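Chemist: fold the stuff below for me.
(3 chains)
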Amino acid sequence: MLQITDHGAVRELRMDRPPVNAFNPALVRALTAAVEQAGEECQALVLTGRPGMFSAGLDVPELLTLDRADMTQFWKAFFGLLATLAKCPVPVAAAITGHSPAGGAVVSLFCDYRVMSRGDFVLGLNETRVGLVVPAIIKDALVRLTGPHRAERLIVGGELLPPAVALEAGMVDALADDPEAAVAAALAWCEQINALPRRAMLGNRAMMRAAMCAQFDALVASDVEQFVRGWFEDSTQRVLHELVATLKARA
Amino acid sequence: MLQITDHGAVRELRMDRPPVNAFNPALVRALTAAVEQAGEECQALVLTGRPGMFSAGLDVPELLTLDRADMTQFWKAFFGLLATLAKCPVPVAAAITGHSPAGGAVVSLFCDYRVMSRGDFVLGLNETRVGLVVPAIIKDALVRLTGPHRAERLIVGGELLPPAVALEAGMVDALADDPEAAVAAALAWCEQINALPRRAMLGNRAMMRAAMCAQFDALVASDVEQFVRGWFEDSTQRVLHELVATLKARA
Amino acid sequence: MLQITDHGAVRELRMDRPPVNAFNPALVRALTAAVEQAGEECQALVLTGRPGMFSAGLDVPELLTLDRADMTQFWKAFFGLLATLAKCPVPVAAAITGHSPAGGAVVSLFCDYRVMSRGDFVLGLNETRVGLVVPAIIKDALVRLTGPHRAERLIVGGELLPPAVALEAGMVDALADDPEAAVAAALAWCEQINALPRRAMLGNRAMMRAAMCAQFDALVASDVEQFVRGWFEDSTQRVLHELVATLKARA
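Modeler: So this is what the prediction gives:
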């Protein structure tokens, strides 16, 4: 599910859950543990995906089989993954190796730096199009990158952006020519950051990320419940089941 | 004073108070009521003006005849119009069909989306140039679009921007070739938004606009009084009377 | 240490402490007093430096001779200079006549407007590279100009930007062809601002800068102590002494 490769002090963590790196409870659990471990064992982290597919986001077919209690557990765990990325004690670069809709894009927002592969790929918070309301903590992470009005237009419209538009909007920091070049660029960025005086770099990094990290400490049960309530609303379930039917018809 | 045209589920609300769509108590009252009604009766709203003139802003000649009590009432009503636009339960697109200084630009800031006609038109918060201090709630709506420093420069300098600069600064979202094309683009934007899963679209929209809406709930009498006090200061009255004299000389 | 030239109602304050306009206690004291005096005696202020060198920032060789008590005093005085610039009752334009790393860039952030000379110059908050953590109040001033994520990347990386990149990032408002043209542009900007209705211009300016100014009122002893503690950490002292050794070897 995860391929781990150390390049000197930089660890590459490659999500590899065929076919589309969808986040089910097992991948979220494994990824959270691996990011925590990387924070202890190495100097910087590159999070990446399969060539052509960073992550398609939540594993909707599997999650639709969960009851309310299990879905609540899953959603707590997904917030836990985002918190672990936001608070990772070492810099984290996302190498976005392909499509990155919804949950795939969400995960990248909490990294320090995002480099996306050029190509026929899209990235964005398209939750509106699958019937979901974006949690506020995820919205705020996008606002941090794009400003409030651009984030409003992107989220309300559920827009999926090609690489050049994602760059212009601020959703990614840089583009690379292909998926492997994105990984190489993310590794190079980590090495550059690691060459800086470490105490000062980490101190400045902690200051710049303090507000984002503090939001996770302020998350309460009701924030999780709100998303779960939305998930089980009739109109949401209808859109999600239609989505799964479309995915099955394509396969 | 208002022309109402329904295009399917999208209502077009055209301000038509010759010669310049200036906001006097009657237009503010009528517009507020029409926006409220549209929020109940249709799925999206396009707010537009006369070809060449979206709105010249406050009707200074008429407002200068009001005493302090009536001006206080007017200003409460104008804030009420802005709150009604900000909190409108359906998306609102402004089709800026021409000039849009001061109050004209202000009204557009609280819509979801702004498309401005190309041409020899200007838009901006030029309150400094007519001797007025912009209320903080209006300043914050501009900051949302342009960021804090750009807003500082625009407001302090009282700058009026041609369409291309308004777009680059983030004060409008898109340009159209002429006034009617701006209306058509605003209608098309509404239809696109209305094609999305509605519960999720409206839920995401409410989240993105919550902070702006909450500011209106926090408005207190002293915010109104502050503007009215500024309006009746000698230096402001002098600039406003000079402005009216210039308008009369031109007419 | 300071050259003062009045151009009508606009005062030019030129830092002139050879060789690099480094901020030692004496320059900070003199500059604070001169900015306060300008706020009382003139209508606008241009802060500028030597051709090729706006300011190299803190005078590290001299500051390394200070004990903890004197360094605490110095740091309070430096925050006092920044507060004086932020709260100056008249508009302040920075004419960035050359290099402006670290403290040089910091001082410019609290002015109303920044125009930088084109040429082989760099500007930026490179504190990370000299082992220092940027105080939060300075970070927030950069965020105001560039947005939070761009500020994160600039500060964590300790990046020094050539003029064109500083403009694109929002760290400066305009470029000029050479150092003297930067001064001329800053003077012209002041004259333009001073031609506006004054009560309204100053009222709008105060509103736009209120949040930044309020932060200085909220500064407490612990904010000063935090920086001083970082200054005297072994790892910081090591980087700073290496820096001084490099400077001496170059001289």
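Chemist: hang on, residue A:175 in a strand?
Modeler: Yes. Counting by DSSP: H, G, I helix; E, B strand; the rest coil, residue A:175 falls inside a strand.
Chemist: what about it, how many neighbours?
Modeler: Neighbours of residue A:175 under the rule other Cβ atoms under 10 Å in any protein chain shown: 19. For glycine as for every other residue, the C-beta is placed from the backbone atoms N, C-alpha and C.
Chemist: next one: it from residue A:101, what distance?
Modeler: 18 Å (Cβ to Cβ, to the nearest Å).
Chemist: next one: residue A:128
Modeler: For residue A:128, the distance to residue A:101 equals 12 Å [Cβ to Cβ].
Chemist: what do you get for residue A:195?
Modeler: The gap separating residue A:195 from residue A:101 is 34 Å, by Cβ to Cβ.
Chemist: who's more crowded, those two?
Modeler: Taking other Cβ under 10 Å, residue A:195 and residue A:101 do not tie; residue A:101 has more neighbours (25 against 10).
Chemist: what score does that one have for pLDDT?
Modeler: Residue A:101 carries a pLDDT value of 97.
Chemist: for chain A, just list every one of the helices.
Modeler: With helices called from DSSP state H, chain A shows them at A:25-41, A:60-63, A:68-86, A:103-109, A:136-146, A:148-157, A:163-169, A:179-194, A:198-217, A:221-231, A:234-250.
Chemist: nearest to chain C, out of those helices?
Modeler: Distance to chain C, taken as Cβ to the nearest Cβ, is lowest for helix A:198-217 among these, at 3.8 Å.
Chemist: who does that closest one touch, helix- and strand-wise?
Modeler: helix A:68-86, helix A:136-146, helix C:136-146, helix C:148-157, helix C:234-250 (3 or more Cβ pairs under 8 Å, 6 or more residues apart in numbering or on different chains; DSSP states H and E).
Chemist: what does chain A have sitting close to chain C?
Modeler: Those residues of chain A that sit near chain C, judged by Cβ under 8 Å from any Cβ of the partner chain, are A:91, A:112-113, A:144-145, A:147, A:170, A:173, A:192-193, A:196-201, A:203-205, A:207-209.
Chemist: just the buried ones among those residues, please.
Modeler: For the residues of chain A next to chain C, a neighbour count by 16 or more other Cβ atoms under 10 Å in any protein chain shown gives the buried set as A:91, A:112-113, A:144-145, A:147, A:170, A:173, A:193, A:196-197, A:199-201, A:203-205, A:207-209.
Chemist: what's the burial count for residue A:53?
Modeler: For residue A:53, the neighbour count with other Cβ under 10 Å is 22.
Chemist: low-confidence stretches in chain A?
Modeler: Filtered on pLDDT under 70, chain A yields no residues whatsoever.
Chemist: try it again at 80.
Modeler: By pLDDT under 80, the low-scoring segments of chain A are A:251.
Chemist: give me the neighbour count for residue A:18.
Modeler: Using other Cβ under 10 Å, residue A:18 is surrounded by 9 other residues.
Chemist: scratch that, residue A:250
Modeler: By the criterion of other Cβ under 10 Å, residue A:250 has 6 neighbours.
Chemist: mind checking how far it is from residue C:112?
Modeler: Distance, residue A:250 to residue C:112, by Cβ to Cβ: 57 Å.
Chemist: try residue A:81
Modeler: Between residue A:81 and residue C:112 the computed distance is 43 Å (Cβ to Cβ).
Chemist: and what of residue A:51?
Modeler: The gap separating residue A:51 from residue C:112 is 50 Å, by Cβ to Cβ.
Chemist: next: residue A:181.
Modeler: Look at residue A:181 and residue C:112: by Cβ to Cβ, they are 43 Å apart.
Chemist: same thing with residue A:24?
Modeler: Residue A:24 is 53 Å from residue C:112, by Cβ to Cβ.
Chemist: hmm, back to that, which of the helices of chain A sits most buried?
Modeler: Of all those, helix A:103-109 has the most neighbours on average by mean count of other Cβ atoms under 10 Å in any protein chain shown, namely a mean of 27.
Chemist: counting contacts, what elements does that one pack onto?
Modeler: Packing partners of helix A:103-109 (3+ Cβ pairs under 8 Å, 6+ apart): helix A:68-86, strand A:92-96, strand A:123-124, helix A:136-146.
Chemist: residues in contact with residue A:176?
Modeler: With contact set as Cβ atoms under 8 Å, 6 or more residues apart in numbering or on different chains, residue A:176 has these partners: A:95, A:115, A:116, A:117, A:118, A:182, A:184, A:185.
Chemist: skipping its backbone neighbours, what lies nearest it in space?
Modeler: Nearest residue to residue A:176 in three dimensions, chain neighbours excluded: residue A:182, at 4.0 Å (Cβ to Cβ, 6 or more residues apart in numbering or on different chains).
Chemist: re the thing from before, out of the helices and strands packed on helix A:198-217, nearest to chain B?
Modeler: The closest of these to chain B is helix C:136-146. By Cβ to the nearest Cβ, the value is 4.9 Å.
Chemist: which other helices and strands does the closest one contact?
Modeler: Helices and strands touching helix C:136-146, by 3+ Cβ pairs under 8 Å, 6+ apart, are helix A:198-217, helix B:148-157, helix C:68-86, helix C:103-109, helix C:148-157, helix C:198-217.
Chemist: need the ones you listed in CSV (columns: distance to residue C:57).
Modeler: Formatted as CSV, the helices and strands packed on helix C:136-146 follow (distance: least, Cβ to Cβ, whole Å):
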stretch, distance to residue C:57
helix A:198-217, 15
helix B:148-157, 22
helix C:68-86, 10
helix C:103-109, 3
helix C:148-157, 14
helix C:198-217, 20
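Chemist: mind checking those helices for the one nearest to residue B:6?
Modeler: Across the helices and strands packed on helix C:136-146, residue B:6 has its closest neighbour in helix B:148-157 (35.5 Å, Cβ to Cβ).
Chemist: how about the residue lying farthest from the centre of chain A: what's its closest non-neighbour residue?
Modeler: Distance from the C-alpha centroid of chain A, by Cα atoms, centre = their mean, peaks at residue A:197 (28.4 Å). In space, and not counting its chain neighbours, residue A:197 is closest to residue C:131: 4.7 Å by Cβ to Cβ, 6+ apart.
Chemist: confirm for me that the one you found is in contact with residue C:235.
Modeler: Yes. Contact criterion Cβ atoms under 8 Å: residue C:131 and residue C:235 qualify, at 6.3 Å.
Chemist: now the common contact residues for these two.
Modeler: Common neighbours of residue C:131 and residue C:235, using Cβ under 8 Å, 6+ apart, are A:197, A:199, A:200.
Chemist: just checking, residue A:182 touches residue A:100?
Modeler: No. Applying Cβ under 8 Å, one finds residue A:182 not in contact with residue A:100, separated by 11.0 Å.
Chemist: joint contacts of those two?
Modeler: By Cβ under 8 Å, 6+ apart, the residues touching both residue A:182 and residue A:100 are residue A:116.
Chemist: what's the distance between residue A:202 and residue A:90?
Modeler: Distance from residue A:202 to residue A:90, counting by Cβ to Cβ: 8 Å.
Chemist: next, residue A:16: phi, psi?
Modeler: For residue A:16, the backbone dihedrals (degrees, to the nearest 10) come out as phi -150, psi 70.
Chemist: please name the bridge partners of the nearest residue to it once chain neighbours are set aside.
Modeler: Nearest residue to residue A:16 in three dimensions, chain neighbours excluded: residue A:3, at 5.2 Å (Cβ to Cβ, 6+ apart). Taking DSSP bridges as the rule, residue A:3 bridges to residue A:14.
Chemist: so what's the most centrally placed residue in chain A up against?
Modeler: Centroid-nearest residue in chain A: residue A:107, 1.1 Å away (criterion: Cα atoms, centre = their mean). For residue A:107, the contact set (Cβ under 8 Å, 6+ apart) comprises A:23, A:47, A:55, A:81, A:82, A:85, A:94.
Chemist: burial of the first one, as a residue count?
Modeler: I take that to be residue A:23. 28.
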